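In: Build me a structure from this.
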Amino acid sequence: MWTAALDADLPPGALAAAGDFADTALDDTVWLPLARRSAAHTPAQTRAGDIAERAAAHPRDNDALLLAAHLLTRSALAPWHDIEVRAHARTLLLATEAQPAPEHPAATEQLRRALVEAGEVDLARTTWTTS
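Out: Residues are numbered from 1 along each chain as shown. Okay, the predicted model is just below:
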């Protein structure tokens, strides 16, 4: 059903309740791309903090990085979720940068930029370089 909703060309904002799938039993290899697509369509998700927390467990996953960046682009549906999203997204970015070389430099930079724009200005300096 989730995939069908994503493929249905619904109006922007129609997938806010996709955040309720944050604790679904789907394997993360299936969940992350669906959650990323939902957040790209409707970044203001229900349970945004829970979504960001689940994504933060995957610092080597492109979908996790992009999902966190999307969640940061619009205010969450509840004000406390913005704080949770920023905290989990920051954890994800720092875990990604702790790797010898980030596997997805463009997505890593997109997440950094979204965090800086959300107020995490101390992250503006890049701690790694690409060749």
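In: can you give me the strands for this protein?
Out: Using DSSP state E, no strands are found in the chain.
In: Which helix runs longest in this protein?
Out: helix 79-97 (DSSP state H).
In: Work out which residue lies at the spatial centre of this protein.
Out: residue 68 (1.5 Å; CA atoms, centre = their mean).
In: Could you check how far that one is from residue 114?
Out: Distance, residue 68 to residue 114, using CB to CB, to the nearest Å: 7 Å. Yep, even glycine has a C-beta here, placed from its N, CA and C like the rest.
In: do the same with residue 34
Out: Taking CB to CB, one finds residue 34 at 20 Å from residue 114.
In: more neighbours, the two?
Out: residue 114 (24 against 19; other CB atoms under 10 Å).
In: Next, count neighbours for residue 48.
Out: 28.
In: typo on my end, residue 14
Out: Neighbour number of residue 14 under other CB under 10 Å is 14.
In: quick one: pLDDT of it?
Out: Here the pLDDT value assigned to residue 14 is 82.
In: now swap in residue 90 and tell me
Out: 95.
In: roughly how far apart are it and residue 56?
Out: On the measure of CB to CB, residue 90 and residue 56 end up 9 Å apart.
In: Same question for residue 12.
Out: 26 Å.
In: Of these two, which one has the most company?
Out: residue 56 (22 against 9).
In: Which residues are in contact with the more buried one?
Out: 64, 68, 88, 89, 91, 92, 95 (CB atoms under 8 Å, 6 or more residues apart in numbering).
In: Most neighbours among those residues, please name it.
Out: residue 68 (30 neighbours).
In: Hmm, that residue is touching residue 87, no?
Out: No - using CB atoms under 8 Å, residue 68 is not in contact with residue 87, being 10.8 Å away.
In: Quickly list what's touching both of those two.
Out: Counting by CB under 8 Å, 6+ apart, the residues touching both residue 68 and residue 87 are residue 52.
In: give me every residue that touches the residue nearest to the centre of the chain.
Out: 52, 55, 56, 85, 88, 89, 92, 93, 111, 114.
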